[in-house]
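Asker: Have a look at this prediction, sequence included:
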Amino acid sequence: MEERYSLGMDTELGGRLGQNLKQLRETRGVTQAQMAKLAGLPRATWANLESGAANPTLGVLDRVAHALQVTLEELVAVPRSSAQRYPKGTLPVKQRGDVTVYKLLPDAVAGMEIDRLELPPGSRMTGIPHTPGTREYLTCETGTLVLVASGDRFDLSPGDVVAFRGDQRHSYLNPGARVAVGYSVVALAR
């Protein structure tokens, strides 16, 4: 005998589910009947889900998520606006010695870190080695930067990029007389 578990959805959660299902279905350009067929559900069940009034079982949600090729989490997530402005100073900033590290993205991107590095004249920052297989990219925007990775030295001028293994010892240095700005992109190993 198969056990059935209901999510016991509140009105707000049911409404989000309905909005997300409708948006996901319409984005794919398919009808309720077509999606219901893909999910192996009656069309009336699909319509009830989109209405926000349904109280589906986990089994039904799993079939819906599979048919839409999304996660269960995405089905009930709070919809985000299409665009949002983040004023200067609202994203996280870290101080590592004299170096200021600014997060560039407000949302996490799976397997990736992107930071803006501001190095005062003569400052140095030691990078933290990542998991094996990680790739790291450093580009210089202004000033001059020196990257030392596993004993190799790379002098960067504005526009230069160095790609290197991020799972090794590395450091950043500003040998110049003015502030240097660079961008670090870390592609974490999966």
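Answerer: That came through fine. Numbers count the residues shown, from 1 in each chain.
Asker: Find the residue at the geometric middle of the protein.
Answerer: V109 (1.7 Å; C-alpha atoms, centre = their mean).
Asker: secondary structure class for the closest residue to A163 other than its chain neighbours?
Answerer: Closest residue to A163 apart from its sequence neighbours, by C-beta to C-beta, 6 or more residues apart in numbering: Y137 at 5.2 Å. C-betas here are computed from N, CA, C, even on glycine. Look at Y137: counting by DSSP: H, G, I helix; E, B strand; the rest coil, its state is strand.
Asker: What of W46?
Answerer: The three-state label for W46, taken from three-state DSSP, comes out as helix.
Asker: which residues of this protein fall in strands?
Answerer: In the chain, the strands defined using DSSP state E lie at 93-96, 99-103, 112-119, 124-127, 135-142, 145-149, 152-156, 161-165, 170-173, 180-187.
Asker: Buried residues in the fourth one, which are they?
Answerer: Burial within strand 124-127, assessed by neighbour count using 16 or more other C-beta atoms under 10 Å, is assigned to 124-125, 127.
Asker: related to what we said a few turns ago, L21: which of the strands of the chain is closest?
Answerer: Among those, strand 112-119 comes nearest to L21, with 28.9 Å by C-beta to C-beta.
Asker: now the angle from the closest one to strand 135-142?
Answerer: With axes from the mean of the first three to the mean of the last three C-alpha atoms, to 10 degrees defining the directions, strand 112-119 sits at 40 degrees from strand 135-142.
Asker: buried set for strand 112-119?
Answerer: 113, 115-119.
Asker: CA-only coordinates of it, as CSV, when you get a sec.
Answerer: Presented in CSV, the C-alpha positions along strand 112-119 are these (Å, rounded to 0.1, in the frame of the first residue of the first chain):
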residue,chain,number,x,y,z
MET,A,112,31.1,30.1,-8.9
GLU,A,113,32.5,33.1,-6.9
ILE,A,114,33.0,36.5,-8.5
ASP,A,115,34.8,39.3,-6.5
ARG,A,116,36.2,42.7,-7.1
LEU,A,117,39.6,43.2,-5.4
GLU,A,118,40.8,46.6,-4.4
LEU,A,119,44.5,46.6,-3.5
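Asker: which strands and helices sit next to that strand?
Answerer: Contacts defined by 3 or more C-beta pairs under 8 Å, 6 or more residues apart in numbering; DSSP states H and E place strand 112-119 against strand 99-103, strand 170-173, strand 180-187.
Asker: neighbouring contacts of the longest helix anywhere in the chain?
Answerer: Counting residues, the longest helix found in the chain (DSSP state H) is helix 11-28. Contact partners of helix 11-28, identified using C-beta atoms under 8 Å, 6 or more residues apart in numbering, comprise 7, 9, 31-32, 35, 46, 49-56, 64, 68, 70, 74-79.
Asker: For those residues, which ChimeraX command selects only the ones that are buried?
Answerer: To isolate in ChimeraX the members of these that are buried, counting by 16+ other C-beta under 10 Å, one can use:
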select :7,9,32,35,46,49,50,52,54,56,64,68,75,76
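Asker: This completes my enquiry, with thanks.
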